[in-house]
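>>> dropping the sequence and predicted coords here.
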2 protein chains.
Amino acid sequence: MRQVDPRSGIHVLDRDECLCLLAGEQVGRLAVVEHDRPKIYPVNYALDGDEVVFRSDLGAKVDAGHRAPVCFEVDHLNARTRAGWSVVITGRLEDARGHDLPIEPWAGAKQHQFRIVSERITGRRVGPPD
Amino acid sequence: MRQVDPRSGIHVLDRDECLCLLAGEQVGRLAVVEHDRPKIYPVNYALDGDEVVFRSDLGAKVDAGHRAPVCFEVDHLNARTRAGWSVVITGRLEDARGHDLPIEPWAGAKQHQFRIVSERITGRRVGPPD
């Protein structure tokens, strides 16, 4: 944790810390732009090296993601201690055929696998550590 | 819960169920479009009737939200049981001056209060109930 904002108590996480935190979670939120409107979809994911990979059927979510940049967010929050972290990836979607990662979506089998080619990974932590 | 997809096990939640679930959480994720790119920001929120209200300083997040539609997502997930729910609001941001809701952002004081004027509230639940 390299930087702390004294007013907000926010710690800025470096890329390695972000990847380490991403590796420990299973669900993230994919945001795409559909007809000039943002839309958020929760997805189960796995980390393949430094890339997020998830399964999806074809449809609005990945159609929009192929046409435009995407954003992916993962967080871990503790309401009792008012603490948590959030990692945000901006990038673009690509097919991830040939990858064979153990992703089992909670919402049933999905036909296609996609990866997020990241342009930027940022993370912030607030409150006391867990 | 009115509809269940037998393949995915997804339950479609009605508006009242969505609002009830939103009332029990503190943090959601605001997606806006910035320069044609989606961006996600976690925010602490409160529910004022059927409207989400949150505090923010002025900046990219609310600048973008004033120019274009926004999406707001709240979920509650249980990795052990592979169950959870997600509620998604699409709408637009408005100033919420005059409201005085007990929102205390975990990341320090924020100067301005905004509300999400919803156009659509949808929710889904997957897996066994908590």
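It's in.
>>> for residue A:22, which residues are in contact?
By C-beta atoms under 8 Å, 6 or more residues apart in numbering or on different chains, the contact list for residue A:22 reads A:28, A:47, A:52, A:74, A:87. C-beta here means a position set from N, CA and C on the backbone, and glycine is covered the same way.
>>> relative to residue B:33, which of the residues you listed is nearest.
residue A:28 (19.0 Å; C-beta to C-beta).
>>> so that closest one touches residue A:47, yeah?
No. Contact between residue A:28 and residue A:47 fails when scored by C-beta atoms under 8 Å: they sit 10.1 Å apart.
>>> in terms of neighbours, single out the busier of those two.
Taking other C-beta atoms under 10 Å in any protein chain shown, residue A:28 and residue A:47 do not tie; residue A:28 has more neighbours (22 against 16).
>>> ok, the helix or strand containing the more buried one near chain B or not?
Per DSSP states H and E: residue A:28 is located in strand A:27-34. Yes. Judged by C-beta under 8 Å from any C-beta of the partner chain, strand A:27-34 and chain B are in contact via A:27, A:29, A:31-33.
>>> of these - the most surrounded one?
residue A:31 (29 neighbours).
>>> give me every residue that touches it.
With C-beta under 8 Å, 6+ apart, residue A:31 has these contacts: A:38-41, A:70-73, B:31, B:38-40, B:71.
>>> repeat for residue A:110
A:55-57.
>>> next, give phi and psi for it.
phi -130, psi 140 (degrees, to the nearest 10).
>>> please report the distance of it from residue A:57.
5 Å (C-beta to C-beta, to the nearest Å).
>>> now residue A:39
Going from residue A:39 to residue A:57 by C-beta to C-beta gives 16 Å.
>>> could you do residue A:87 as well?
Taking C-beta to C-beta, one finds residue A:87 at 25 Å from residue A:57.
>>> so what's residue A:7 closest to, chain neighbours aside?
residue B:108 (5.5 Å; C-beta to C-beta, 6 or more residues apart in numbering or on different chains).
>>> go on, residue A:106?
residue B:82 (4.5 Å).
>>> in chain A, where is pLDDT below threshold?
Filtered on pLDDT under 70, chain A yields the residue ranges A:1-2, A:64-65, A:67, A:99, A:129-130.
>>> how about the residues of it near chain B?
A:5, A:7-10, A:25-27, A:29, A:31-33, A:36-40, A:42, A:68-73, A:75, A:77, A:79, A:82-84, A:86, A:88, A:90, A:106-108, A:124, A:126-127.
>>> give me the buried subset of the residues you listed.
Among these, those buried by neighbour count (16 or more other C-beta atoms under 10 Å in any protein chain shown) are A:8, A:10, A:25-27, A:29, A:31-33, A:37-40, A:42, A:68-73, A:75, A:77, A:82-84, A:86, A:88, A:90, A:106-107, A:124, A:126-127.
>>> ok, back up a step: dump the residue contacts of the residue nearest to residue A:7.
A:5, A:7-10.
>>> tell me the secondary structure of it, please.
coil (DSSP: H, G, I helix; E, B strand; the rest coil).
>>> against chain B, how distant is residue A:22?
Separation of residue A:22 from chain B (C-beta to the nearest C-beta, to the nearest Å): 14 Å.
>>> just confirm that residue is within a strand.
No. In this structure, residue A:22 is helix, not part of a strand, as judged by three-state DSSP.
>>> endpoint to endpoint, stretch A:107-115 covers what distance?
19 Å (C-alpha to C-alpha, to the nearest Å).
>>> I meant to write stretch A:22-35 there.
29 Å.
>>> show me the beta-bridge partners of the nearest residue in space to residue A:4 that is not next to it in sequence.
Of all residues not flanking residue A:4 in the chain, residue A:11 sits nearest, at 5.2 Å (C-beta to C-beta, 6+ apart). Taking DSSP bridges as the rule, residue A:11 bridges to residue A:4, residue A:125.
>>> just checking, residue A:11 touches residue A:122?
No. With contacts counted by C-beta under 8 Å, residue A:11 stays clear of residue A:122, the gap being 11.9 Å.
>>> out of these two, which sits in the busier spot?
Between residue A:11 and residue A:122, counted using other C-beta under 10 Å, the more crowded position is residue A:11 (18 against 14).
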